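Novice: Need a 3D model of the following:
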Amino acid sequence: MEIAHFVFLAAGLSLAMTLAWCVQRRTGSSGWIDAIWSFSVGGFGVLSAFAPPPAPQEGRALLVACLVGLWALRLGSHIALRSSRGGEDPRYADLAKQWGEAFPRRLLLFLQVQALAALVLVAALRLAATNPAPFPGPADVLALIIALIAVAGESLADAQLQRFRRRQSDRNSFCESGLWRWSRHPNYFFEWLFWLACPLLAIDLSGNHPCGWLALAAPALMYVLLAHVSGVPPLEAHMLASRGESFRALQRRVNAFFPGPRHE
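Specialist: Residues are numbered from 1 along each chain as shown. Take a look at the predicted model:
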């Protein structure tokens, strides 16, 4: 990847997350942070796919741009709509309690780390868009199928959770229908699955695009973040603190991340 393009991406994503910090400080709602992050990854991902020099296979660059654009519009719009209805993301609320008066300063630094994570994802998209292998190939078709299943699956999981919350009468009950029957966080699983499509688009097994293997960093990073850092752990810590034994029972019944058989 060209150094100038990489610097442009880094600066743009850093500014975007600084804007997210300003919005949070102005509105008091941290939900907008994740919406801005999603739109930023999508927007810079599309720009990166079409950035000069032109991609050797224009069809693959267009596919990369369409997939990340679809992902960003779906996820960003969902989070923005949720944020507009009020309420606070429990993960950020817990950080505010932990950091106290240092919350504004530490949040700004935390969001720059999110910008760095976004840079890894956008760089992987660029590697996918510039893969010179003939297009379309079997890996491109598989990547398209995986990406569409991931977007549809995450959309369905979000809709099922929203429907459950509207009907919920018992505060200590949990959504265990649909996709939520097989995973405690199916939305996070499908989010990770989307990024698994990236190396399929980037890797050329003929050896003509060796740097394409670096795109494996995208699904690896998203798995670590979602399953072990900023996704499941803080959300489940909040649920344990607020729901106690009823949530521990759910943990014993349902897999945390990857969908699988229930343990009744």
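
Novice: rest of the way, CA atoms for contacts and neighbours
Specialist: Noted.

Novice: Helices of this protein, start to end?
Specialist: Here the chain has its helices, by DSSP state H, at 3-27, 31-50, 58-84, 90-99, 103-129, 138-167, 186-202, 217-224, 232-243, 245-253.

Novice: Give me the number of neighbouring residues for Val7.
Specialist: Val7 sits with 12 neighbouring residues when counted by other CA atoms under 10 Å.

Novice: ok, it to Arg106 distance?
Specialist: 24 Å (CA to CA, to the nearest Å).

Novice: ditto for Thr27
Specialist: 18 Å.

Novice: again, but for Gly244
Specialist: Distance of Gly244 to Arg106, given as CA to CA: 29 Å.

Novice: Likewise for Gly260?
Specialist: 37 Å.

Novice: more neighbours, the two?
Specialist: Arg106 (15 against 12).

Novice: Check what pLDDT the spatially most central residue of the chain gets.
Specialist: The chain has Glu191 as the residue nearest its centroid, 5.3 Å off, counting by CA atoms, centre = their mean. Turning to Glu191, the model gives it a pLDDT of 98.

Novice: now Met1
Specialist: 52.

Novice: Please apply the same query to the one 3 residues further on.
Specialist: In the predicted model, Ala4 carries a pLDDT score of 88.

Novice: now do the one 10 residues further on
Specialist: Ser14 carries a pLDDT score of 98 in this model.

Novice: Correct me if wrong: it contacts Ala115.
Specialist: Yes. Counting by CA atoms under 8 Å, Ser14 does reach Ala115; the two are 5.4 Å apart.

Novice: These two: which has the busier surroundings?
Specialist: Ala115 (25 against 21).

Novice: can you tell me which residues contact the more buried one?
Specialist: Counting by CA atoms under 8 Å, 6 or more residues apart in numbering, Ala115 makes contact with 10, 13-14, 16-17, 37.

Novice: quick one: pLDDT of it?
Specialist: 98.

Novice: go on, the one 5 residues further on?
Specialist: We note a pLDDT of 98 for Val120 in this prediction.

Novice: What's the local residue count around the nearest residue to it once chain neighbours are set aside?
Specialist: Spatially, and ignoring its direct neighbours in sequence, Val120 is nearest to Ala218 (6.5 Å; CA to CA, 6 or more residues apart in numbering). Using other CA under 10 Å, Ala218 has 25 neighbouring residues.

Novice: in the stretch 101-250 of the chain, what spans have low per-residue confidence?
Specialist: 169-172 (pLDDT under 70).

Novice: hmm, who's touching stretch 69-89?
Specialist: Contacts for stretch 69-89 (CA under 8 Å, 6+ apart): 29-32, 34-39, 41-43, 45-46, 151, 155.

Novice: so for it, what's the average pLDDT?
Specialist: 92.

Novice: How far off centre is that stretch?
Specialist: Computed by CA atoms, centre = their mean, to the nearest Å, the chain-centroid distance of stretch 69-89 equals 12 Å.
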